[in-house]
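Novice: below are the sequence and a predicted model; questions follow.
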Amino acid sequence: MTRLASLLLLAIAWTPSPVLSATSASLIAAGQHVIWSYPGLTPPQSLYTAISAGQVAGVIFFKENIGTNIASIVTSLKNANVNSPTKLPLLLMTDQEGGQVRRLSGAPVLSAKDMCASGTAASGGTGAGENLKSVGMNLNLAPVLDVYRKAGDFEDQFERSFSNDPAKVSSCGADFISAQQATGVAASAKHFPGLGAAAAGENTDVQPVTLDLSVSEIQNVDELPYIAAIAAGVKLVMPSWAVYPSIDASRPSGLSSTFHFTELRGRLGFEGVTISDAIEAGALQAYGSHANRAILATGAGMDLILAAARDVNQGAGIVTALANGLDNGTIDKKAFDRSTARIAALRSSLS
Ligand SMILES: *[C@@H]1O[C@H](CO)[C@@H](O)[C@H](O)[C@H]1NC(C)=O
């Protein structure tokens with residue numbers, strides 16, 4: 001063999017195989033499904049790099065991330081996205097429910113309970129939307145549509161529930177959603193089908209929670225406010241991490257295809273985007289690593305995975321796992337592409 005021929009053979013051997021290029025495409029496809037988070041006041045360079053590479057659907061901000069320069073941080077993240085492969089706007093979100101659950105100072109000052117009781121849920125929604133917009137964010141992980149049961153229970157202890165009357169939660173929730181979304185900020189109804197029956201200590205962030213309710217109570221009390229929210233055009237729904245044995249005894253709602261497809265998209269006709277609660281939640285301790293939980297949630301029909309541990313490596317690890325799952329067939333590509341299209345439509349509708 002001539003020296004030239006062997007060089008040519010080497011060059012052919014070194015040409016990236018289709019498997020490698022599929023993996024890089026898969027990383028971008030997977031990234032469209034993951035919301036990242038970071039510690040402290042300044043995003044690490046690795047987050048900007050991942051955004052530019054198209055591996056970030058959005059970022060969630062917590063109180064520890066929000067200083068006086070939050071608006072310029074948000075602008076810098078948007079700038080990193082300008083030349084990303086998808087060029088779709090990032091989903092930039094926080095929990096601005098009202099009262100004690102607010103990451104930004106300012107509106108809504110009243111708790112959900114006080115807004116609903118005083119007939120001001122619509123102005124609360126407008127205030128939340130304008131507040132997020134003023135710092136460049138475009139998605140609020142609110143309102144809570146959980147129908148609390150007893151004074152001081154899980155949702156009532158911080159007045160996060162509009163009311164213990166499902167009809168009032170319906171009307172206040174829909175008012176908040178319509179008003180907030182009119183400002184250009186997407187709303188997320190949570191935590192489907194409802195955490196209103198949880199006792200004060202039953203916190204899915206910390207531990208597994210089982211809510212033993214009849215199908216009729218779940219559908220007629222807890223899920224009732226979703227009818228009005230969906231009619232109002234709510235853009236996102238966040239499933240809960242509680243288990244509801246009467247509907248699916250084997251999986252928490254967010255890991256259950258029965259809840260995603262039979263209840264939310266089937267019975268209630270929701271066509272928007274689902275976003276997970278924090279993937280690191282203690283409720284999921286039986287389901288392995290954060291990456292494994294993300295694969296299970298995606299398989300059940302979850303559109304967006306919330307990597308909320310304030311650790312860029314968590315987001316990166318989940319993107320890699322989803323990309324591997326796409327490449328090796330663990331994730332159903334057709335269902336994943338439909339989900340990607342829903343997320344892209346949401347991102348295109350925001351700025
Ligand atoms: C496919 O990839 C997923 C995600 O990384 C992994 O959990 C699974 O074990 C892989 N399956 C095979 C057969 O290697």
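Specialist: It's in. Numbers count the residues shown, from 1 in each chain.
Novice: going by C-alpha atoms from here, please, whenever you check contacts or count neighbours.
Specialist: OK.
Novice: the residue of the stretch 151-300 of the chain found nearest the ligand: what secondary structure?
Specialist: Taking Cα to the nearest ligand atom as the measure, the stretch 151-300 of the chain has residue 292 as its residue closest to the ligand, at 6.2 Å. With DSSP: H, G, I helix; E, B strand; the rest coil as the basis, residue 292 sits in helix.
Novice: distance of the closest residue to it other than its chain neighbours relative to the ligand?
Specialist: Computed as Cα to Cα, 6 or more residues apart in numbering, the closest residue to residue 292 that is not its neighbour in sequence is residue 321, at 7.6 Å. Residue 321 sits at a distance of 4 Å from the ligand (criterion: Cα to the nearest ligand atom, to the nearest Å).
Novice: count of neighbours near residue 321?
Specialist: 19 (other Cα atoms under 10 Å).
Novice: so it touches residue 293, yeah?
Specialist: No - the criterion here is Cα atoms under 8 Å, and residue 321 misses it with residue 293 at 10.1 Å.
Novice: quick check: pLDDT value at the residue of the stretch 151-300 of the chain closest to the ligand.
Specialist: Residue 292 carries a pLDDT value of 98.
Novice: which residues are contacting stretch 39-57?
Specialist: Defining contact as Cα atoms under 8 Å, 6 or more residues apart in numbering, one finds that stretch 39-57 is touched by 27-36, 38, 64-67, 73, 77, 80-86, 90-91, 310-312, 319.
Novice: touching, residue 152 and residue 200? I think so.
Specialist: Yes - applying Cα under 8 Å as the test, residue 152 and residue 200 come out as touching, 6.6 Å apart.
Novice: shared neighbours of those two, anything?
Specialist: Contact criterion Cα under 8 Å, 6+ apart; residues shared by residue 152 and residue 200: none found.
Novice: and stretch 155-162, end to end?
Specialist: Length of stretch 155-162, first residue to last, Cα to Cα, to the nearest Å: 9 Å.
Novice: can you tell me how far the residue nearest to the spatial centre of the chain is from residue 114?
Specialist: Nearest residue to the geometric centre of the chain (Cα atoms, centre = their mean): residue 275, 2.9 Å. According to Cα to Cα, residue 275 and residue 114 sit 27 Å apart.
Novice: hmm, back to that, state the next helix or strand along the chain beyond the helix or strand hosting the residue nearest to residue 292.
Specialist: For residue 321, the element it lies in under DSSP states H and E is helix 312-327. The helix or strand immediately downstream of helix 312-327 is helix 333-348, counting by DSSP H and E.
Novice: and that following helix, what does it pack against?
Specialist: strand 273-278 (3 or more Cα pairs under 8 Å, 6 or more residues apart in numbering; DSSP states H and E).
Novice: can you tell me which helices and strands the strand it packs on packs against?
Specialist: In terms of contacts (3+ Cα pairs under 8 Å, 6+ apart), strand 273-278 is packed against strand 236-239, strand 304-306, helix 333-348.
Novice: then it to CSV, C-alphas only?
Specialist: The C-alpha trace of strand 273-278 is given here as CSV (Å, rounded to 0.1, in the frame of the first residue of the first chain):
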residue,chain,number,x,y,z
VAL,A,273,-47.1,21.5,27.7
THR,A,274,-46.5,19.5,30.8
ILE,A,275,-43.6,20.5,33.1
SER,A,276,-42.3,18.3,35.9
ASP,A,277,-42.0,19.3,39.5
ALA,A,278,-38.4,19.2,40.8
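Novice: let me see the mean pLDDT of it.
Specialist: On average, the pLDDT along strand 273-278 is 98.
Novice: what are the pairing partners of that strand, and which direction each?
Specialist: strand 236-239 (parallel), strand 304-306 (parallel) (DSSP bridges).
Novice: pLDDT (mean, whole number) over the last one?
Specialist: Computed over strand 304-306, the mean pLDDT rounds to 99.
Novice: can you give me how far that strand is from the chain middle?
Specialist: On the basis of Cα atoms, centre = their mean, to the nearest Å, strand 304-306 sits 5 Å off its chain's mean C-alpha point.
Novice: residues touching that strand, excluding its own?
Specialist: Contacts to strand 304-306, defined as Cα under 8 Å, 6+ apart, come from residues 32-36, 273-279, 294, 297-298, 343.
Novice: quick one: which of the residues you listed is most hemmed in?
Specialist: Counting neighbours by other Cα under 10 Å, residue 36 leads the contacts of strand 304-306 with 31 neighbours.
Novice: is that one bridged to anything, and to what?
Specialist: Going by DSSP bridges, residue 36 forms beta bridges with residue 59.
Novice: can you give me the strands in this structure?
Specialist: With DSSP state E as the criterion, the chain has strands at 34-36, 58-60, 91-94, 96-98, 101-102, 139-140, 186-192, 236-239, 273-278, 304-306.
Novice: what residues does the stretch 201-350 of the chain have near the ligand?
Specialist: 321-322, 324-325, 328, 330 (Cα under 6 Å from any ligand atom).
Novice: cutoff 5 Å now
Specialist: Contacts of the stretch 201-350 of the chain with the ligand, taken as Cα under 5 Å from any ligand atom, map to 321, 324-325, 328.
Novice: counting neighbours, what do you get for residue 340?
Specialist: Counted with other Cα under 10 Å, the neighbours of residue 340 add up to 20.
Novice: I appreciate the help and will end here.
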